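Visitor: my questions concern the predicted model and sequence given below.
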Amino acid sequence: MFALSSRRNYTNRLTGKNRQSGMVLLMVLLIFSIVAILATSMIERQSIDLERVSGQLALQQAREFSYAAEQAVRQGLYMDWEADKEKDHLGDEWAVDRSFPLEPGTIFLHLSDAQGRFNLNSLAPDAPNKAIQTTRFRQLLNLLGLDVELATEWANWLNPESQDDDRYLSAEVPYRAAYQDCKHTSELLLIENMDAASYSKLEPYVACLPVTAQLNVNTAPAIVLASLDSELTLADGQAIVNARGDDGFSSVDDFWALSQVEPFTKARTNGQNDDNDSDGNNNDQEVDSRWSKTDFSVRTEYFELFARIDLGGRMATLEAVIHRAVDTGVMTTLYRDFSRRESRPVDPVSTANQIE
């Protein structure tokens with residue numbers, strides 16, 4: 001009996017030890033699994049952090065390249081000013097798109113003349129010739145197949161006396177009218193009845209510039225030239241583009257004398273009375289032309305730059321408006337925007353040779 005009891009005790013001790021060993025092994029495996037999961041998580045997080053830092057460094061590098069591109073463009077514009085201070089046209093070097101290789105990647109530069117477009121601020125309350133500029137904006141909208149009443153909406157958006165706040169404050173997301181000159185053409189999207197499709201059609205032909213900015217007739221597309229008067233057609237605008245040729249007009253006088261625009265630029269006779277007065281003098285009086293020469297120029301002060309830098313799949317963009325003083329050539333960057341992904345569309349109407 002004693003031997004049997006001893007054997008049972010021995011067996012129980014072995015079973016207890018085996019159970020303890022099994023529990024220890026399970027604990028070790030559990031701890032190893034937790035450590036492995038934590039290590040994997042740390043490696044993944046570290047990889048993400050390294051990727052994020054790498055992306056930020058690449059983006060910062062691309063951003064620095066965009067600043068360098070702006071400086072290069074400014075230098076090029078100064079050289080262009082030195083070469084010819086009297087006129088700017090689409091045959092100049094600045095009007096040619098450029099691409100340059102980087103290691104690794106490329107840089108793309110597109111420069112356009114902001115004064116070749118209709119200036120939206122010419123409808124501001126203090127703008128000169130506001131009445132005729134409003135008519136021109138309506139004509140531009142009409143040629144594009146858009147609602148001409150958008151011109152009235154835009155003029156009210158700029159004019160504090162219009163008191164249009166009630167309409168905008170009642171919107172689902174309320175906001176106030178600007179009542180000041182625009183800084184970017186995308187502000188058009190804030191006015192009533194302007195949708196994305198309409199803005200897409202209008203965007204290539206408008207700019208936000210100081211009210212004193214003149215239209216450069218050497219760079220304006222046919223549709224902008226055709227919008228100068230309701231009696232002009234798109235064919236007339238294209239005829240003006242053809243007349244200026246590759247080198248542009250030498251002066252506004254050359255533009256002024258064109259057969260397509262002469263009816264609006266020459267002085268008119270105002271016949272108040274067909275009969276002579278008692279002294280035999282004719283009562284007809286010469287009055288000013290319908291257009292003002294001060295609205296036009298063949299020189300450009302405001303250029304719009306778009307730069308796109310691609311560094312191994314990491315992309316940065318820059319949109320900037322650069323002012324070049326006509327008398328000194330001094331450059332001033334008026335604004336920069338890093339959110340735009342593509343350059344402003346370039347005159348799709350002339351490209352398609354029709355208005356959709």
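Guide: On my side now, so go ahead.
Visitor: off-centre distance for stretch 190-199?
Guide: Mean-position distance between stretch 190-199 and its chain equals 16 Å (Cα atoms, centre = their mean, to the nearest Å).
Visitor: may I see the buried residues of it?
Guide: 190, 191, 194, 198, 199 (16 or more other Cβ atoms under 10 Å). Quick note: C-beta positions are derived from backbone N, CA and C, even for glycine.
Visitor: secondary structure added to those residues, as a markdown table?
Guide: Formatted as a markdown table, the buried residues of stretch 190-199 follow (DSSP: H, G, I helix; E, B strand; the rest coil):
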| residue | secondary structure |
| --- | --- |
| 190 | helix |
| 191 | coil |
| 194 | coil |
| 198 | helix |
| 199 | helix |
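Visitor: quick one: which two of these are the most distant?
Guide: Of all pairs drawn from the buried residues of stretch 190-199, the widest gap by Cβ to Cβ lies between 190 and 198 and measures 12.8 Å.
Visitor: and for residue 141, the neighbour number?
Guide: 22 (other Cβ atoms under 10 Å).
Visitor: list the contacts for it?
Guide: Counting by Cβ atoms under 8 Å, 6 or more residues apart in numbering, residue 141 makes contact with 147, 148, 150, 151, 202.
Visitor: buried residues in stretch 154-165?
Guide: 154, 155, 156, 157, 158, 159, 164.
Visitor: hmm, who's touching that stretch?
Guide: 120-121, 123-125, 134, 137, 176-182, 187-188, 190-191.
Visitor: which among the residues you listed end up buried?
Guide: Of the members of the contacts of stretch 154-165, the ones counted as buried by neighbours, 16+ other Cβ under 10 Å, are 120-121, 123-124, 134, 137, 177-179, 181-182, 187-188, 190-191.
Visitor: would you confirm that residue 78 contacts residue 329?
Guide: Yes. Counting by Cβ atoms under 8 Å, residue 78 does reach residue 329; the two are 5.1 Å apart.
Visitor: quick one: average pLDDT of stretch 139-159?
Guide: Model confidence over stretch 139-159, given as mean pLDDT, is 96.
Visitor: can you tell me the distance between the two ends of that stretch?
Guide: Length of stretch 139-159, first residue to last, Cα to Cα, to the nearest Å: 21 Å.
Visitor: how far away from the center of its chain is that stretch?
Guide: 19 Å.
Visitor: swap in stretch 119-130?
Guide: 20 Å.
Visitor: do the same with stretch 165-174
Guide: 26 Å.
Visitor: also stretch 186-206?
Guide: Worked out by Cα atoms, centre = their mean, stretch 186-206 lies 12 Å from the chain centre.
Visitor: show me the contacts for residue 323.
Guide: 301, 302, 331, 332, 333, 334.
Visitor: name the element the fourth one belongs to?
Guide: Mapping residue 332 onto the secondary structure by DSSP states H and E places it in strand 331-337.
Visitor: ok, that strand: who's next to it in the sheet?
Guide: Take DSSP bridges as the rule and strand 331-337 pairs in its sheet with strand 314-324 (antiparallel).
Visitor: buried stuff in the strand it pairs with?
Guide: So for strand 314-324, counting by 16+ other Cβ under 10 Å, buried means 314, 316, 317, 318, 319, 320, 321, 322, 323, 324.
Visitor: how about the fourth one, what does it touch?
Guide: Just to be clear, that refers to residue 318. Counted by Cβ under 8 Å, 6+ apart, residue 318 has contacts 66, 67, 69, 70, 305, 306, 307, 336, 337, 338.
Visitor: repeat that for the third one.
Guide: The contact partners of residue 317, taken as Cβ under 8 Å, 6+ apart, are 66, 306, 307, 308, 309, 338, 339, 340, 341.
Visitor: where exactly do the strands run in this protein?
Guide: Secondary structure of the chain (DSSP state E): strands at 98-102, 105-113, 118-119, 206-207, 215-216, 268-270, 285-287, 296-297, 302-311, 314-324, 331-337.
Visitor: mind showing which ranges of this protein have poor pLDDT?
Guide: Residues of the chain meeting the criterion pLDDT under 70: 1-22, 24, 46-47, 49-55, 267-288, 350-356.
Visitor: now with 80?
Guide: For the chain, residues meeting the criterion pLDDT under 80 lie at 1-59, 163-166, 267-289, 312-313, 347-356.
Visitor: how about the helices in it?
Guide: Residue ranges of the helices in the chain, as given by DSSP state H, are 2-83, 130-143, 150-158, 165-169, 196-202, 222-226, 234-244, 252-256, 262-265, 348-352.
Visitor: residue 213 is nearest to which of those helices?
Guide: helix 130-143 (11.5 Å).
Visitor: what's the distance between that closest one and the middle of its chain?
Guide: That offset, for helix 130-143, works out to 21 Å (Cα atoms, centre = their mean).
Visitor: I'd like to know how many residues surround the closest residue to residue 263 other than its chain neighbours.
Guide: Leaving aside its chain neighbours, residue 263 sits nearest to residue 231 (7.5 Å; criterion: Cβ to Cβ, 6 or more residues apart in numbering). Neighbour count of residue 231, defined by other Cβ under 10 Å: 11.
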